[in-house]
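Novice: predicted coordinates and the sequence they were generated for:
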Amino acid sequence: MIRICCITVLLLCALPVRAQTTFTVNTTDDTNDGTCNAAHCSLREAISAANAAAGTDNITFAIAGSGIKTIKPTSALPTITDPVNIDGQSTPGAALVIELDGSLAGLANGLVIMAGNSSVRDLIINRFTGAGILLSTGGSNTIAGNLIGMNAALTQAAGNRDGVYIFNSADNIVGGISEADRNIIAGNSDDGVNFEGPGAIGNSVQGNSLGFRNTSGSTFGNAGDGVKISNTSSSNTIAGNSIAYNVGRGILGEFDVSGGYGNLISTNSIFSNGALGIDLNGDGVTANDPDDLDTGANDLQNFPVLLSASTTGAALLVEGTFNSTPDTTFMLEFFASATCDSSGSGEGERYVGSASLGTGGDGNLSFSAELASVVTAGDWLTATATNPDNSTSEFSACIPIMSADAPGVAPGINAYNTLTPTLSWTRVSWAQGYRLQVDNNADFSSPEYANLNLPANTLEDEATLPTPGVYYWRVCAVQANGLCGGWSARGEFRVLG
C-alpha cells in the first residue's frame, strides 16, 4: 500500500514536458544586446537564447528583403550547448537564401555543436578559417541540404578549412537519402568531411556531392580529401555520395582512412580526383597479402583481382579471383569508369552491382559474376571488397570492359557414345585464340576439361571426359591483352554409358 501511494505522488508531481521554443532571426547584423525578440534578433542572439532555454528549440529566419541574406559574424558565434534545430529555409524546396559568411570572424569555425541531437539545414556556409560546421562530443546531429564552401551562385569557391569536421562525436548524419538532404561540400581548403578521434563512430555520410560540376561546366572540389577518416575513427558509413574533383585522396583521393576499422565505403560515385579513390594508409596502393593477415586502417582489407569483363548490352560478365580470410563471406562491389586512374587502381564512377561471395578454407575464391547492368564497352571496371565487419578495401586494379562478341556454340550432337567428343564454335574476327571449358556443373565451378590455349585458327577441340553423364560447355575468344572477351552461350550434351 505504501509503495502504491509513493508512485501516485510521483506521478502527480511530474513536471509537464516543455514545448519547443522557436527563435526567429530577423536581421543580418551581428549585434548582441542579450535579447532575441520580434524587434531585433541576430543569429548570435538566437543561439544564445536557445542555449539558455532548456530542451530542444528551433532557430528559423525571417529577414526582410529579396535575394541572398548574408550574415557576417565579427567573431566566433556561441558554441551550441543545448539541442537546437537550425533551418534556413521557410519554403521547402526553394533556393537557399541564408548565407553565413566567416570572412570577418577571425580564427573561427562557422557553427560549433557540442549539445548533440541538433540539426542544421538549408544554409550557405563559407569563408571560415576553421570548419564550416564542427560537431564535437555530443552526437546524433543531422547536417542536411546545405551548401558548404561555395558562393551562393555556385560559381566560385568560398572555402572554409574543412566543410564538416566531426571530432569524437558519434551517430551523426551528413546528408540523407532524399535529394533535399544532399549537401554540396566543395571549394574548402582542406577536406570535405573529416572524421577524427576514437569517439567518431557510427556516423553516416550519404547522398552528398563532395565536389561537383556546375551548370556552366566548371568543376569544384576540396583542396584536401573528399572524406578523411583518421585517428582510429571506426564503424562509419560513406555511401551513395558523388566524390569528385578533389585534389587529395579519399574515395579517389577522397578517402584517407588512416585509422580505425569497420568503415563501410559503398555505392559511391568516385572519379576525377587527384589521388587514389580509396587510400587506406595514405601511402598509395596497399598490396594484397596472403589470407589478409596484415593490420591497419580497415584491417587493410584485400581487394579483388579482376581477370575479365565483358558486356552483352544488358548484362556485365565479370571473372576474377580473391584472397582473404578463410571461410568468410564478403561483399564485392563493381564500378565502371570512363578512364582508369593513373595509378592503375580505381576509380569507380558508376556503381554497377555487387555479389556476396565466400572464400574457401584456403582463403581463395575464383568467381564468375553476371550483373544486370548496362555498361559501355571501352569503359573500365574496378571493384572493392567488404568484410563482415564492414571494413572496405581499396579499389582493385582496373581492367577494360570488352564487348561480349563471344563465339557461337555450333549446333552439335546432343549425345555422344565416346568420352572424347569433338566440340566446335564459330569464328570471332579479332580473336587471338580461344579457351574451352567443359563441366558437369552448369556454373563451371570445377571444369572436368579445359583447354585455355587454343590457337586463333582452331574452331573445334576434342574434350577428354572422365565418365558418362550430362555435361555443359562454353568457349571464349581471347583478346590482345590475353583476357577473355566474353563467354559463349552455354551448350549441353550427354555422354552415354
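Specialist: Alright, I've got the coordinates.

Novice: which residues of the stretch 251-400 of the chain score low on pLDDT?
Specialist: Scanning the stretch 251-400 of the chain for pLDDT under 70 picks out 251-259.

Novice: oh, I was asking about the stretch 1-150 of the chain
Specialist: Filtered on pLDDT under 70, the stretch 1-150 of the chain yields the residue ranges 1-19, 92.

Novice: quick one: the strands in it?
Specialist: Secondary structure of the stretch 1-150 of the chain (DSSP state E, counting those that start in this stretch): strands at 22-25, 57-61, 69-71, 84-87, 98-101, 111-113, 119-121, 124-126, 133-136, 142-144, 147-148.

Novice: off-centre distance for the following helix or strand past the last one?
Specialist: Stepping forward along the backbone from strand 147-148, the first helix or strand reached (DSSP states H and E) is strand 164-167. Here the centre of strand 164-167 is set off from its chain's centre by 18 Å, with CA atoms, centre = their mean, to the nearest Å.

Novice: for strand 164-167, packing partners?
Specialist: If you count contacts as 3 or more CB pairs under 8 Å, 6 or more residues apart in numbering; DSSP states H and E, strand 164-167 packs onto strand 133-136, strand 193-196. Any C-beta I mention is one placed from the backbone N, CA and C, and that applies to glycine too.

Novice: does residue 425 have beta-bridge partners, and which?
Specialist: residue 409 (DSSP bridges).

Novice: going forward can the numbers begin at 491, since that is how I track them
Specialist: In the new numbering, first residue 491, that becomes residue 915.

Novice: pick the most buried one from the strands of the stretch 491-640 of the chain.
Specialist: Greatest average neighbour count among the strands of the stretch 491-640 of the chain goes to strand 637-638 (a mean of 30), per mean count of other CB atoms under 10 Å.

Novice: how many residues are close by residue 643?
Specialist: Look at residue 643: counted by other CB atoms under 10 Å, it has 8 neighbours.

Novice: tell me the contacts of it?
Specialist: For residue 643, the contact set (CB atoms under 8 Å, 6 or more residues apart in numbering) is empty.

Novice: domain map for the chain?
Specialist: In terms of domains, the chain is parsed into 512-774, 795-894, 895-985 (source: automatic domain parsing).

Novice: tabulate those (JSON lines), appending distance to residue 782.
Specialist: Output for the domains of the chain, formatted as JSON lines (distance: least, CB to CB, whole Å):
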{"stretch": "domain 512-774", "distance to residue 782": "12"}
{"stretch": "domain 795-894", "distance to residue 782": "4"}
{"stretch": "domain 895-985", "distance to residue 782": "23"}
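
Novice: what's the most buried one of those?
Specialist: Among the domains of the chain, domain 512-774 has the highest mean neighbour count (mean count of other CB under 10 Å), at a mean of 22.

Novice: could you work out the end-to-end span of that domain for me?
Specialist: 50 Å (CA to CA, to the nearest Å).

Novice: any idea how far that domain is from the chain center?
Specialist: 18 Å.

Novice: mind listing what residue 932 touches?
Specialist: Neighbouring residues of residue 932 by CB under 8 Å, 6+ apart: 962, 980.

Novice: residue 922 and residue 975, how far apart?
Specialist: Per CB to CB, to the nearest Å, residue 922 is found 9 Å from residue 975.

Novice: again but with residue 849, I slipped
Specialist: Per CB to CB, residue 849 is found 27 Å from residue 975.

Novice: can you give me the strands for the stretch 841-987 of the chain?
Specialist: Along the stretch 841-987 of the chain, counting by DSSP E, counting those that start in this stretch, strands occupy 854-861, 870-876, 889-890, 892-893, 905-906, 912-914, 923-929, 939-945, 950-952, 959-968, 974-977, 981-985.

Novice: name every strand pairing with the third one and say which way it goes.
Specialist: When sheet partners are counted by DSSP bridges, strand 889-890 sits next to strand 870-876 (antiparallel).

Novice: kindly report the same for the fourth one.
Specialist: The partner list of strand 892-893 in its sheet, established with DSSP bridges, is strand 795-801 (parallel).

Novice: what angle do the following helix or strand past the partner strand and strand 959-968 make?
Specialist: Remark: after strand 795-801, the chain's next helix or strand is strand 806-813, criterion DSSP H and E. Relative orientation of strand 806-813 versus strand 959-968 (axes from the mean of the first three to the mean of the last three CA atoms, to 10 degrees): 100 degrees.
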